[in-house]
Structures are given as structure tokens and as C-alpha cells.
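> sequence and predicted model, in that order:
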Amino acid sequence: MTFRELMFYLIVALTIITASKYLFYVFTSPIYNLSKKRLLRKSSKLSKDEIEKKLRISVVVPAWNEEVGVLSSVRSLLESDYNNMEVILVNDGSTDGTDKKVKSFLKSNDLKKYISGGKKFLYIAKENGGKGSALNAGIESSSGDVIVTMDADTVFEKDAIFEVAKYFLNPEIDAAVGNVKVANSKSLLGIIQQIEYTVGFYFKRTHSVFNCEYIIGGAFGAFRKRVFEKYGKFDVKNKTEDIELSTRLQYHGCKMVFIEDAIAYTEGPTTIGGLMKQRLRWKKGRLDTFWTHRSLFFSRDQKHNKILTHYLLPITLFYELELLIEPLITTYGIYYLYSTGDFTGLVLWILFTGFINISAFIFGSKKNSKIAFLFIPVYFILSYLLAFIEIFAMYKSVKLILRGQDVAWQKWQRKGISLN
Amino acid sequence: MNNQNNLIYVFIFAIGLFGYNLVIKMIESFTDKDNDI
């Protein structure tokens, strides 16, 4: 077999695998709304007041050097239309002005305005111990039946907590992931991430339908408190403690859902360097988690979801490893286009993925960004920027694994979010 | 000719995808009515 033939078969195989993955997601995601009705059967018969009386929610916000956005996050929570809740802000030994800002907020009349109808605000300042330890400190001080975790660079919509409560009235549900959107839309990098998040979170509908979700991200997660008591809290040693916990919950056969109507806006990295750091942390953390929970792969245990163990996890790992040969494939693809002048395959692929992205925007959440929607026709080209960052992150992750090193807690220059 | 056919298949896929979503939406609205009763 010549090199040319090898590359041809490799590209055809990858195209078939990717296309079948897209087809699976795009035809199962629409079923989400039907399954949602079954999950919400109990809460649909109750008024908002009745739901509030039944469920107390604690929101834990870990913060490390988050002086730019921390108060916006706290305010967005205190402005929530759900009253039976408490907000626990955990300062994980910040060395910037986070502590000063929060303390002046505590003294201000601003806070008194928000604390009404049962809402509580708790501030914990502790020594630096990492995000997992900050989250655990918040969980230990919480009084709610459900713990919501959020990042300090994220803001919630007013009804987000109420949407969470509606789902958790169903005793079957152990954990949930909210719908996270990227707030920065004034830069190309922000728009690329907006499209990526919109399509990615639309596909979480499929994970929810088949109960195979294994990533409840730190920006917006919700857990029944008994889950922590039964299966343990966040792993303080893992840098992607959110992925590790949710994979661990899948290992124990927990039911996890996606709440599309619970919306939060997060600040995506605004520089290439920041994005690289974020993706490196995600890649390394995911590989570490896969290694920790490797027994989930092709597991025959009754309590493990078969779509997760036999399809989702193996295919995710396959795509991670495929990144290592992606530079070769891309170079050959460019050479092929240049030497033959045959763009048919590329055009068909752009149209195919373009229609899938359009359907995610049209049939997904009503609050998808309209500006990002306009960029879908050129997203294929733009997404290559993300692809190069992912390739870099993958190579660096492998390097760190081989050297036995770890990544630092995610940090980049914040600018803050303004939704108005 | 072959290229044209492939293009037609992609557009048939798009129409199928949007039609499928609309059918699901219709089923949703029927189940909404059932709940109202």
C-alpha cells in the first residue's frame, strides 16, 4: 500500500466515523424535549411557591484571584427569582483584591437589598488548596438539598436556579448540567467559542436522553447533596475535578441530566494563550480521568450505561488520540486539494456540518447567539484555529504525562462579563 | 454529474433533518395539549 493510498483510506475512515457520530447526535437530540416532559411530570403540577418550599438550594462559588468578575457572579445569584437558596462564596487564598471587594460588598447596603425572602449569603476565606478543596469547603458549610456549583467568572440568568429546582423535584435525578453560553461576542475568538459551546451543549441533549452524560462542567453543575455523602466530594488532587466527579458518578450508575433552560454565561478566554491554557487543562484532566476510571471502558457491569461505556468514552478517546496525527492529515488534505484541484469532498463536508450547526442553533435553546449564527457559513475555516489549539494541547498533555507533571489551576486575564 | 448527485444527497439530508425536527415539534405540541386536558 502506498502512502497516498494509506492517507486516502485514513481520511475516508475518519469521515465515515465522524459523519455517523454526527448523525447519531443530530437525530437523537430532538427527542430531548419529549424525555424532559417525563422528568418534569411532578414539578409541572406544582406552583413556583410550592416548589420553593420543597427544595432548598445552595450555590457554591469557588474563587481564586477573581476580583474582576466575582461580584457580578454573586449579584446574578442574589438577583435570582428563587428565594429558598443560599450563596456560599469560597475565597481560596486569593492574592489579588478579591477579599477586599467581597468584604466591602458585605458591609454595603447593596447586600441588604438582595437578602430577602429566605436568601442567605455566606463568605468563607480559606488558605489556598485548589478548586476542588474550595468546592468541598462550600459543600461542607451548605444547608441545601441540592448543591449548585458555578465558576466565579460566570453569571446566571434569573430563572436558572428555579429551572434546576424543577428537575430536582424528581427523586430519580442525582446530578445535572446547566446550559453554559460564552458571553464574549465582540471578538472572533469569542464567536468561535460561542458556536462551539452552542453545538456542544445541544448534543448534551442526547447524553441526557440516554443518561450517558459524563461531563458536568464547573461553570454550572448541580448535585443532590446525598450524592456527595454516598460517593464522596470533589477530588482535590485532580485539576479537572468536575470531569472526574461526573465520571465517578457515572461509574456508580447515577442519573444525570442536561437542563437546557437553566442558562449561565461564562467568560471564554480572550487570547490564544488563554485558550491554550484552558484546553491543555481540559485535555490533561480528561486523559487523567479516563485513566482513573479506565474500568468504565467496555464495562459489562449492569449499572454502567452501555452507550457511555461502549460508544461515547471509546470514541472520545479515539478523537483525542486522532489529534496526534491530525497535522499529517491536514497537510495531506491541503496537498491533495492543491494538486488535484478537486474541492468536491470538502464542499460537501462543509455543507453537511454546516446544516448540523444550523439545526443546533434553530432547534436548540431559544437564547442562542444571533451574531454567532451569522458566522456558521465560515465556521469550518474558523474552527481550524480551535483545531490547532487542541492539537497543541494534546501534544503538551502527552508530554506532561510522560514527565509525570501536572497543570496549574486555570487562569488567564479576565475582563469581566456584562450582559447588558 | 456525480458531483451534482452528491450535492443533491446533502440537500436531501438537510431537508430530512429539518423535517424530522419539525415532526418532533408537532408531537411535542400534541403532548402539551394532552397535558392541558
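Happy to help now that I have it.
> contacts for the helix or strand containing A:Ile334?
A:Ile334 belongs to helix A:326-340 when assigned by DSSP states H and E. Residues outside helix A:326-340 that contact it (C-beta atoms under 8 Å, 6 or more residues apart in numbering or on different chains): A:Met7, A:Leu10, A:Ile11, A:Leu14, A:Asp342, A:Phe343, A:Leu346, A:Tyr384, A:Ala387, A:Ile391. From N, CA and C alone the C-beta is placed, and that goes for glycine too.
> try it again with 6 Å
The contact list for helix A:326-340, computed with C-beta atoms under 6 Å, 6 or more residues apart in numbering or on different chains, reads A:Met7, A:Ile391.
> buried stuff in it?
A:Glu326, A:Tyr332, A:Tyr336 (16 or more other C-beta atoms under 10 Å in any protein chain shown).
> got the angle for the very next helix or strand once past it vs helix A:326-340?
Using DSSP H and E, the helix or strand that follows helix A:326-340 in sequence is helix A:344-363. Helix A:344-363 runs at 120 degrees relative to helix A:326-340, counting by axes from the mean of the first three to the mean of the last three C-alpha atoms, to 10 degrees.
> in helix A:344-363, which residues are buried?
Neighbour-count burial for helix A:344-363 [16+ other C-beta under 10 Å]: A:345, A:348, A:350-361, A:363.
> tell me what that helix is packed against?
Counting contacts by 3 or more C-beta pairs under 6 Å, 6 or more residues apart in numbering or on different chains; DSSP states H and E, helix A:344-363 packs against helix A:188-209, helix B:2-36.
> nearest residue to A:Leu324 in space, please, no chain neighbours.
A:Met394 (6.2 Å; C-beta to C-beta, 6 or more residues apart in numbering or on different chains).
> SS state for the one you found?
Put simply, A:Met394 is helix when judged by DSSP: H, G, I helix; E, B strand; the rest coil.
> how many neighbours does it have?
22 (other C-beta atoms under 10 Å in any protein chain shown).
> my guess is it contacts A:Leu323, does it?
Yes: A:Met394 is within contact range of A:Leu323, at 4.1 Å (criterion: C-beta atoms under 6 Å).
> which neighbours do these two have in common?
Common neighbours of A:Met394 and A:Leu323 (C-beta under 6 Å, 6+ apart) do not exist.
> pLDDT weak spots in the chain?
No chain was given, so I picked chain A. Counting by pLDDT under 70, chain A shows low-confidence ranges at A:116-117, A:408-420.
> if you could check chain B rather than the one you did, that'd help
B:1-2, B:32-37.
> burial count for A:Asp110?
Using other C-beta under 10 Å: A:Asp110 sits among 13 other residues.
> return the residues in contact with it.
Taking C-beta under 6 Å, 6+ apart, one finds nothing in contact with A:Asp110.
> that one: which element?
helix A:109-114.
> buried ones in that helix?
Within helix A:109-114, the residues that qualify as buried are A:Tyr114, counting by 16+ other C-beta under 10 Å.
> partners of the longest strand seen in chain A in the sheet?
As assigned by DSSP state E, the longest strand anywhere in chain A is strand A:256-266. Next to strand A:256-266 in the sheet, as set by DSSP bridges, lie strand A:154-156 (antiparallel), strand A:175-182 (parallel).
> so which of the ones you listed gets nearest A:Ile88?
strand A:154-156 (14.4 Å; C-beta to C-beta).
> so what touches the closest one?
Under C-beta under 6 Å, 6+ apart, the answer for strand A:154-156 is A:Ser72, A:Ser73, A:Ser76, A:Leu77, A:Ala219, A:Ala264, A:Tyr265, A:Thr266, A:Ile417.
> are any of the residues you listed buried, and if so which?
A:Ser72, A:Ser73, A:Ser76, A:Leu77, A:Ala219, A:Ala264, A:Tyr265, A:Thr266, A:Ile417.
> A:Gly404: which of the residues you listed is nearest?
Taking C-beta to C-beta as the measure, A:Gly404 lies nearest A:Ala219 of these, at 29.2 Å.
> contact partners for the closest one?
Going by C-beta under 6 Å, 6+ apart, A:Ala219 touches A:Asp151, A:Thr154, A:Val180, A:Thr266.
> could you give the bridge partners of the third one?
Here A:Val180 sits in beta bridges with A:Ala264, going by DSSP bridges.
> returning to that earlier point: show me how far the helix holding A:Asp110 is from its chain's centre.
31 Å (C-alpha atoms, centre = their mean, to the nearest Å).
> repeat for stretch B:12-26
1 Å.
> and it, does that touch chain A?
Yes: counting by C-beta under 6 Å from any C-beta of the partner chain, chain A has neighbours in stretch B:12-26: B:Ala14, B:Leu17, B:Asn21, B:Ile24.
> residue contacts, the third one?
So the one you mean is B:Asn21. Contacts of B:Asn21 (C-beta under 6 Å, 6+ apart): A:Pro30, A:Phe363.
> repeat that with 8 Å
With C-beta under 8 Å, 6+ apart, B:Asn21 has these contacts: A:Pro30, A:Ser359, A:Ile362, A:Phe363.
> so who does A:Val347 touch?
With C-beta under 8 Å, 6+ apart, A:Val347 has these contacts: B:Leu7.
> look up how far A:Gly354 lies from it.
To A:Gly354, A:Val347 is 10 Å away according to C-beta to C-beta, to the nearest Å.
> where exactly do the helices run in the stretch 101-250 of chain A?
Counting by DSSP state H, counting those that start in this stretch, the stretch 101-250 of chain A has helices at residues A:109-114, A:131-140, A:160-168, A:188-209, A:225-231, A:241-251.
> pull the CA atoms of the shortest one into PDB?
Taking C-alpha atoms only, helix A:109-114 is exported to PDB below (Å, rounded to 0.1, in the frame of the first residue of the first chain):
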ATOM      1  CA  ASN A 109     -26.400  48.300  51.700                       C
ATOM      2  CA  ASP A 110     -26.300  46.600  48.300                       C
ATOM      3  CA  LEU A 111     -26.200  43.200  50.000                       C
ATOM      4  CA  LYS A 112     -29.200  44.000  52.300                       C
ATOM      5  CA  LYS A 113     -31.200  44.800  49.200                       C
ATOM      6  CA  TYR A 114     -30.700  41.300  47.900                       C
END
